[in-house]
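Undergrad: model this:
(2 chains)
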Amino acid sequence: MADTTTRIQLETAVARVPGEASAPRKPPVTATGFLGWLRANLFSSWINAAVTLVLLYLVVRWVIGFVEWGILNAVWSVPAGQTQACREVQGVGACWAVVTEKHRFILFGTYPYEEHWRPALVCALFIGLYVVSAMRRFWNWTLVPIWTVTLTVIGILMWGGVFGLPYVPQERWGGLPITLILATFGLAFAFPLAILVALGRRSQLPAIKAICVLYVELIRGVPLISLLFMASVMFPLFLPEGVNIDKLLRAQIAIILFAGAYLAEVVRGGLQALPKGQYEAAEALGLSYWQKTGLIILPQALRLVIPPLVNTFIGFFKDTSLVLIIGIFDLLTAGKTAIIEPAWQGFGVEVYIFVGFIYFLFCYAMSKYSQNLEAELNRHRRR
Amino acid sequence: MSQSSTDPRLLRAPPKRRLRLSWRDERVRGIVWQVLVVGVIGAIVWWLWSNTVHNLEVRRIATGFGFLSREAGLPIAESLIEYSPTDTYFRALLVGLLNTLKVAVVGIVLATILGTLIGIARLSRNWLLAKLAGIYVEVIRDLPLLLQLLFWYVVLQNLPGPRQALTPVEGIYLSNRGLKLPALVWEAAHGWALLAFLAGIVGTWLYRRWARARQMQDGQPRRVWPVALLLMAGLPVAVWWALGAPWVVDWPVLRGFNFRGGTTITPEYFALLLGLVLYTAGFIAEIVRAGILAVPQGQWEAAEALGLRPAQVLNRVVLPQALRVIVPPMTSQYLNLTKNSSLAVAIGYQDIVSIANTTLNQTGQAIEGIAIIMLVYLTISLSISLFMNWYNARIALVER
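TA: Below you'll find the model as predicted:
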């Protein structure tokens, strides 16, 4: 059947007057456009069609369920402390009222209420700092003054006590600023440490190499929690009598030591990936060790490992949430504390969705940035 | 060219340089630097140590592991071995260690299975499946694990009570008391059947080796699966049958406000396992995907051109090459899962960290408690990485 139609078409084509071009036949509707795409990507075989239909059913059911729970049946606000309306819909509808009522507490912890604009400004400054650091045109020495100035301003805003800002002791800080402080200061100090350790691990001097290997392997072999416990219960024993460092700083030191070991391995990867000729050429020019490292090796090696570095940053941003276990008031702890109050007990899911959304925004932005950067840095390699 | 290699000047050993005491000598500089660094670090450690000793004296805390043999008096909700609060701290810590291993081993197996499936799904030709897998990976990797654990724990706690328990299949109940499953009443015959199964695995492995060796000699491929089936399924069933085929199942039954019988998976363990498996699977999926993508398209085509069946293409050509890329990062994911299981302390599952933490709070032995935690994790980490290094060496590319 198909054979005859082709033949007929061929014959008619041949029978035409030579020189008069016949219009090319259009491909069948099912092979192009939206239908063609559907067929190629969703219904290419019986099994594929079955998988598609099952998944479609599950997705639609789940989305409808979520819309019903999260939007249609949800309670958006209740009169202060009156959670009766929420209790009634529990199980069928979300109680976003817990977020509307507690969002200031979750974001800024026990910071004095009328001063909340200060931590809010601090968060904005941190985000601005990240954005500026992510721009390639600032990848030079100007970053150092930018960071110094921003971090100083952040310190002034958080503590206050000058320029007419009331003093706020560190015990009252909490929420998102603490998470951002732990992550930012952690990385700012861990990164130089990591570079030194990575260089030390590749050093020819046996004693220095041994110390660096020991440090990296020891830290990477134990969970961050054990270091945080160490910071919280053992650290006071390490210091001379009477000297006391506050808990936040102790946790910060633990995070720096932890991040340093992991970042060092990433940096070491870059040092190893650099062709040997670069080392030899630098030596042949008569450069000293630090000249060689600072001018030739590091600029190239660090560029090689930017994508894995950003991935490690994301990991640490998430890991700062572990300070919950030693009772430091970061974003996650604030969320967990918000639902301890009897009136709001049982609405953890809504609070964790809210807190998770904030973490997700930061991590997703970093991960997209890392992917774009990787594509951009590898452009010369693509054929 | 050949002349230069026989050049007598090159054959002579380089002149031995004498160590000159000058800053210009590289070796002198090296020694000075090392002495300096070791000295500074040694001084810091000594300072911390002397402070610690002094502080311990002032606070009258006795050091040492003597407390391990004292009565613990701490209740533990779930334990693989017999335990009561009158047992020693040592036994309590042992229970904690077993609980850690319980969650780590089960978690690694489940995360590998789920992660591999999701990784393959991301490469699927089905657009919807690939996109969904992609969204899963992106979302799960961008949320802190601790947040996910707390979330699952809250979800499990918000489940209805035992009387309104969810029953997906008769005999399985999901309530805020955890997951209730029917249990097989264990008898000696089951133990022997399990032993026969293990013997079957060894036997299959030996047969496979023998079949490979014979194939190398006469070129005849031999089927392994009939023997495998016989040894791994037939033998245990035969043993079980010969011992009287005992089969008593203990079904969970609702009595009053709780279930009786069956076996329980506590909400704490369930939430921890769920969180760890879902989180780690997101990372494993990416590793598997990268590993499969690392095998060039030409390898698939060449294998197909040789006339291999699809299963053979996967087994003989693609997987061995993909595994070389997959195994090293997979090792670090296994290590991560094990270390992340320490987050159990946040949701009240009593693993080694949780019990060591309680111990150090009760006894005041901070240094010893943390030393125990670190020692346990270092041992586990080293064991896993030694095993995976051995496995990696086995599957590594054999070059001339």
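
Undergrad: rest of the way, CA atoms for contacts and neighbours
TA: Noted.

Undergrad: quick one: low-confidence ranges for the chain?
TA: No chain was given, so I picked chain A. Within chain A, the segments meeting pLDDT under 70 span A:1-22, A:80-81, A:380-383.

Undergrad: oops, chain B please
TA: Using pLDDT under 70, the flagged stretches of chain B are B:1-20, B:396-400.

Undergrad: could you list the domains of the chain?
TA: Because you didn't say which chain, this covers chain A. A:2-64, A:105-381 (automatic domain parsing).

Undergrad: that answer is for a different chain, and I need it for chain B
TA: B:20-60, B:89-127+B:270-395.

Undergrad: pick the most deeply packed of those domains.
TA: Among the domains of chain B, ranked by average contacts under mean count of other C-alpha atoms under 10 Å in any protein chain shown, first place goes to domain B:89-127+B:270-395 (a mean of 19).

Undergrad: hang on, the earlier thing: CSV for the domains of chain A, including distance to chain B and mean neighbour count?
TA: Listed next are the domains of chain A as CSV, based on distance: least, C-alpha to the nearest C-alpha, whole Å; neighbours: other C-alpha atoms under 10 Å in any protein chain shown:
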stretch, distance to chain B, mean neighbour count
domain A:2-64, 5, 12
domain A:105-381, 5, 18
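
Undergrad: ok so, going back, pipe the domains of chain B into TSV and attach distance to chain A per row.
TA: Output for those, formatted as TSV (distance: least, C-alpha to the nearest C-alpha, whole Å):
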stretch	distance to chain A
domain B:20-60	5
domain B:89-127+B:270-395	5
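
Undergrad: out of those domains, the one nearest residue A:101 is which?
TA: Across the domains of chain B, residue A:101 has its closest neighbour in domain B:89-127+B:270-395 (25.4 Å, C-alpha to C-alpha).

Undergrad: quick check on residue 27: phi, psi?
TA: Just so you know, I chose chain A. In terms of degrees, to the nearest 10, the main-chain angles of residue A:27 are phi -60, psi 160.

Undergrad: gap between it and residue A:33?
TA: Distance, residue A:27 to residue A:33, by C-alpha to C-alpha, to the nearest Å: 10 Å.

Undergrad: what's the answer for residue A:171, then?
TA: Separation of residue A:171 from residue A:33 (C-alpha to C-alpha) stands at 62 Å.

Undergrad: which residues touch residue 329?
TA: All of this is about chain A. Shown in contact with residue A:329 (C-alpha atoms under 8 Å, 6 or more residues apart in numbering or on different chains): A:109, A:173, A:174, A:175, A:178, A:323.

Undergrad: sorry, should have said chain B
TA: residue B:287.

Undergrad: that one: what secondary structure?
TA: Following DSSP: H, G, I helix; E, B strand; the rest coil, the label given to residue B:329 is helix.

Undergrad: can you tell me the SS state at the closest residue to residue B:214 other than its chain neighbours?
TA: Closest residue to residue B:214 apart from its sequence neighbours, by C-alpha to C-alpha, 6 or more residues apart in numbering or on different chains: residue B:220 at 7.6 Å. Per three-state DSSP, the secondary structure class of residue B:220 is coil.

Undergrad: residue B:220: how many residues sit nearby?
TA: Using other C-alpha atoms under 10 Å in any protein chain shown, the number of residues around residue B:220 comes to 11.

Undergrad: got the contact list for residue A:319?
TA: residue B:144.

Undergrad: ok but it is inside a helix, no?
TA: Yes - under three-state DSSP, residue A:319 falls within a helix.

Undergrad: same for the helix or strand hosting residue B:274, what does it pack against?
TA: Counting by DSSP states H and E, the element that carries residue B:274 is helix B:267-293. In this structure, helix B:267-293 packs against helix B:89-122, helix B:127-141, helix B:145-157, strand B:178-181, helix B:319-340, helix B:344-347, with contacts taken as 3 or more C-alpha pairs under 8 Å, 6 or more residues apart in numbering or on different chains; DSSP states H and E.

Undergrad: I'd like the domains of chain B written out as CSV, with distance to residue A:269 added.
TA: Output for these, formatted as CSV (distance: least, C-alpha to C-alpha, whole Å):
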stretch, distance to residue A:269
domain B:20-60, 24
domain B:89-127+B:270-395, 14
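
Undergrad: with respect to residue A:339, which of those lies nearest?
TA: Relative to residue A:339, the nearest member of the domains of chain B by C-alpha to C-alpha is domain B:89-127+B:270-395, separated by 14.9 Å.

Undergrad: the closest one: end-to-end distance?
TA: OK, domain B:89-127+B:270-395 end separation, C-alpha to C-alpha: 43 Å.

Undergrad: how far does it sit from the chain's center?
TA: Using C-alpha atoms, centre = their mean, to the nearest Å, the distance from the centre of domain B:89-127+B:270-395 to the centre of the chain it belongs to is 4 Å.

Undergrad: is it fair to say residue B:174 lies in a strand?
TA: Yes - the assignment for residue B:174 by three-state DSSP puts it in a strand.

Undergrad: isn't residue B:200 up against residue B:228?
TA: Yes - the criterion here is C-alpha atoms under 8 Å, and residue B:200 meets it with residue B:228 at 7.5 Å.

Undergrad: compare those two (neighbour count), which wins?
TA: Set side by side, residue B:200 and residue B:228 show more neighbours around residue B:200, with 22 against 19, by other C-alpha under 10 Å.
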